[in-house]
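In: Please find the sequence and the predicted model below.
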Amino acid sequence: MNSKEIIKGIVDGGVLAVIRANSVSDAVKMATYANKGGIKGLEITFTVPDADKVIEELVKNKVDALVGAGTVLNVETAKLAHSKGAQFIVSPCFDDEVNEYCKSVDIPYFAGCFTPTEIYNAMKKGVEVVKVFPGSVCKPSYFKDVHGPFPHAKLLPSGGVSLDNIDDWIKNGAVAVSAGSSLTAPAKTGEFEKIVDNAKEFVDAVKNARAKYAK
């Protein structure tokens with residue numbers, strides 16, 4: 001798959017699951033159960049110990065989802081993730097070297113931005129979908145405001161996304177949503193299987209909101 005096909009797969013799926021865990025086994029379980037609930041985008045953050053091994057195992061097991069790496073802060077990490085099968089790279093900020101590397105191997109780079117200047121500069125450098133982070137700091141209406149001067153900006157909120165506000169994010173122009181703790185919370189008590197139900201609710205919430213606000 002090329003970059004555009006991968007982006008389409010994640011956007012069509014509607015939800016990008018952010019996987020943070022204390023071990024490889026827990027991360028694999030969280031990602032697997034999220035996928036069983038219908039989530040087609042799995043972001044394995046490099047705050048997970050041996051995150052590259054999580055990516056490698058998910059890819060080896062042929063999980064029915066696009067698997068990528070998150071919290072990527074430098075090109076060395078991006079290269080390691082891609083060598084293990086990562087199909088996209090996510091950062092909390094924009095890094096030019098990471099951006100250029102992703103272009104060279106034709107995978108998407110979801111760069112984290114917050115201000116209109118950062119969003120504009122990332123798009124100018126070829127970032128097709130901008131991760132707006134931290135989403136918990138801005139209101140969904142921020143997306144509507146940004147789309148005033150940048151109507152074609154593809155924005156993905158990360159941080160603060162929950163079932164309670166997905167409708168507002170989609171209403172205000174989010175191309176998809178990124179969800180972490182609000183999605184994977186059952187893992188904290190070892191109830192990994194409950195992530196399946198959470199995932200179904202997130203996917204349905206995006207689907208319903210899209211149908212509601214379809215132009």
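Out: That came through fine.
In: contacts and neighbour counts: CA atoms only from here.
Out: Will do.
In: shouldn't Ala176 be in contact with Gly9?
Out: No: contact criterion CA atoms under 8 Å: Ala176 and Gly9 do not qualify, at 10.8 Å.
In: can you pull out the strands in the protein?
Out: 15-19, 41-45, 66-70, 89-90, 109-110, 112-113, 129-132, 154-157, 177-179 (DSSP state E).
In: so which of those comes closest to Lys194?
Out: strand 15-19 (14.5 Å; CA to CA).
In: packing partners for the closest one?
Out: helix 24-36, strand 41-45, strand 177-179, helix 181-184, helix 194-213 (3 or more CA pairs under 8 Å, 6 or more residues apart in numbering; DSSP states H and E).
In: What is the neighbour count of the closest residue to Val11 other than its chain neighbours?
Out: Counting by CA to CA, 6 or more residues apart in numbering, Ala176 is the residue found nearest to Val11 once chain neighbours are left out, at 5.5 Å. By other CA atoms under 10 Å, the residues close to Ala176 number 25.
In: if I pick Ala176, what's in contact with it?
Out: Ile10, Val11, Asp12, Gly13, Gly14, Val15, Leu16, Leu155, Leu156, Pro157, Ile170, Val206 (CA atoms under 8 Å, 6 or more residues apart in numbering).
In: quick check, distance from stretch 181-198 to the centre of its chain.
Out: Mean C-alpha position of stretch 181-198 versus that of the full chain (CA atoms, centre = their mean, to the nearest Å) differs by 18 Å.
In: Just the CA atoms of it, as PDB, please.
Out: Extracted as PDB, the C-alpha positions of stretch 181-198 are listed here (Å, rounded to 0.1, in the frame of the first residue of the first chain):
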ATOM      1  CA  SER A 181      -7.100   6.100  27.500                       C
ATOM      2  CA  SER A 182     -10.800   6.600  27.000                       C
ATOM      3  CA  LEU A 183     -10.700   3.500  24.700                       C
ATOM      4  CA  THR A 184      -8.300   1.200  26.400                       C
ATOM      5  CA  ALA A 185      -9.200   2.000  30.100                       C
ATOM      6  CA  PRO A 186     -10.400  -1.600  30.900                       C
ATOM      7  CA  ALA A 187      -6.800  -2.800  30.400                       C
ATOM      8  CA  LYS A 188      -5.800  -1.000  33.700                       C
ATOM      9  CA  THR A 189      -7.800  -3.600  35.600                       C
ATOM     10  CA  GLY A 190      -6.900  -6.500  33.300                       C
ATOM     11  CA  GLU A 191     -10.300  -6.600  31.600                       C
ATOM     12  CA  PHE A 192      -8.800  -6.500  28.100                       C
ATOM     13  CA  GLU A 193     -11.800  -8.100  26.500                       C
ATOM     14  CA  LYS A 194     -13.900  -5.100  27.400                       C
ATOM     15  CA  ILE A 195     -11.900  -3.100  25.000                       C
ATOM     16  CA  VAL A 196     -13.800  -4.800  22.200                       C
ATOM     17  CA  ASP A 197     -17.100  -3.300  23.300                       C
ATOM     18  CA  ASN A 198     -15.400   0.100  23.800                       C
END
